[in-house]
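Next one to model:
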Amino acid sequence: MKQSIFKQRVGILRKEMAGTKADTLWIIQPENRRYVSGFKAVDTQLNESSGSLIINPENALLVTDSRYTIEAIKDARDFEVVTLKKGLVEEIPAILARLKTKVLGFEGGYVSWDLQRKMAKKLRAFSPAIRMLPMDGLIEGMREVKDRAEIRMMERSAVMMGEILDQVIAKLQPGRTEKDIARQIEELAYASGADGLAFPSIVASGPNGALPHAVPSKRKIRASEPIVFDVGIRLQGYCCDMTRTVFLGRPTPKFKEIYHVVRKAQLAAIRAVRPGMKSSQLDGVAREIIQNAGFGEFFGHSLGHGVGLATHEGPRISPLQSVRLEEGMVFTIEPGIYIPGKGGVRLEEMVVVGKHRARLLTRAGHIYDFSQ
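From the prediction side, this is the model:
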């Protein structure tokens, strides 16, 4: 019988663990937890957890509380579900002792200092003491390369988001507020069958478009000015992320120029994607075009980022960090130019690295040709 994808991932994780000093791994980060086990529950806030995974060479446990037991048994069929009665810090140490754990690997970049401190105090009380070892990037590295099922789900998510954005843009008119438009996007997302938004929608008009992560306001959109939409939904856990900049009426000559430069940089980067190339090199393809056009100082962020169970994950397409691109990686290509006090233009597509080139996962229209 063919192993489930989650059992396969546990097997890969165990091989990765064998090259570390940890004999047991504690996984609490929600996306990592779902990727390894299939457990879909989300954490309502940073200091609350819906469950933990404890994995060693012989055991795979999903430790949760009574609120999630039924869901855990249904979702994580390759895991032994353990229901806590007293709480995480009170009971996990005894479980680790029973598993004869000596070194516990944990997600140093996610577990809070308070939780780590409390857990370490409990583990030091055993004889011999159980040592905690921060381990970052183990599962995140596995998540960087997507399998076919993951890619199909993100493509479905992207197509759905594109259809939603088409509806929203078709109803744009001067006088509507950014907040009203953002609310419409969320309503259409749920009506379309999405899990929800992948992140709070960005609707930034006029000068607000110069803020890459603008929060929708009560500002009313106006004719001729750029309106930046950065939007995404989550479908069966997987995210999409796309950006369009649109105009109601004719844009000014300056913003036509800016738009043309951004689109030129984006297309050059998409065409340049190849397995084996460095992510910093890809960033440089787009950045050089924007710099040569005289707008280099107005493009401050990275060219793109990985997308999957999280909206922002590896690989990062940045001049500051370089990884070798591999077939199956999914990431955004989103150059932008932002003029303080005036507005901005950003265009974002989500691509998957194929055997020889990139393939677009986002398919929404609303792209202008200002090359003339």
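
got the contact list for Gln116?
With contact taken as Cβ atoms under 8 Å, 6 or more residues apart in numbering, Gln116 is in contact with 106, 108, 132. Yep, even glycine has a C-beta here, placed from its N, CA and C like the rest.

So it versus Lys85, what's the distance?
Applying Cβ to Cβ, to the nearest Å, the value for Gln116 to Lys85 is 23 Å.

residue boundaries of the helices in this structure?
Listed in chain order, the helices of the chain (DSSP state H) span 5-18, 30-37, 69-75, 88-98, 113-124, 138-143, 148-170, 178-191, 253-272, 279-292.

the inter-axis angle of the second one versus helix 5-18?
Okay, so that is helix 30-37. Computed by axes from the mean of the first three to the mean of the last three Cα atoms, to 10 degrees, the angle separating helix 30-37 from helix 5-18 equals 110 degrees.

Now do helix 30-37: everything it contacts.
If you take Cβ under 8 Å, 6+ apart as the criterion, helix 30-37 is touched by 6, 9-10, 13, 27, 39-40, 42-43, 50-53, 55, 60, 62, 75-76, 78-79, 107, 139-140, 142-143, 237, 308-310, 313.

Centroid-nearest residue for this structure?
Centroid-nearest residue in the chain, with Cα atoms, centre = their mean: Thr311, separated by 1.9 Å.

pretty sure that one is touching Ser201, no?
No. Judged on Cβ atoms under 8 Å, Thr311 makes no contact with Ser201 at a distance of 11.9 Å.

So for Gly328, which of the helices of the chain sits nearest?
helix 148-170 (7.2 Å; Cβ to Cβ).

Need the residues that contact the closest one.
By Cβ under 8 Å, 6+ apart, the list of residues contacting helix 148-170 from outside reads 5, 146, 181, 184-185, 188-189, 192-194, 198, 229, 231-240, 242, 244, 246, 307-308, 328, 330, 350, 352, 361-366.

Narrow those residues to just the buried residues.
With neighbours counted using 16 or more other Cβ atoms under 10 Å, the contacts of helix 148-170 contain these buried positions: 146, 181, 184-185, 188-189, 194, 198, 229, 231-235, 237-240, 242, 244, 246, 307-308, 328, 330, 350, 352, 361-362, 364.

mind listing which of these are in strands?
Those of the buried ones among the contacts of helix 148-170 mapping onto strands are 229, 231, 233-235, 238-239, 242, 244, 246, 330, 350, 352, per DSSP state E.

show me where pLDDT drops low in the protein?
For the chain, the stretches with pLDDT under 70 are 1, 372.

quick revisit: do you know how far the residue nearest to the centre of the chain is from Asn292?
Thr311 is 31 Å from Asn292, by Cβ to Cβ.

quick revisit: any chance of CSV for the ones in strands among the buried ones among the contacts of helix 148-170, columns distance to Gly284?
Formatted as CSV, these follow (distance: Cβ to Cβ, whole Å):
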residue, distance to Gly284
Phe229, 27
Val231, 27
Ile233, 31
Arg234, 31
Leu235, 33
Tyr238, 29
Cys239, 26
Met242, 23
Arg244, 24
Val246, 28
Val330, 21
Met350, 20
Val352, 21
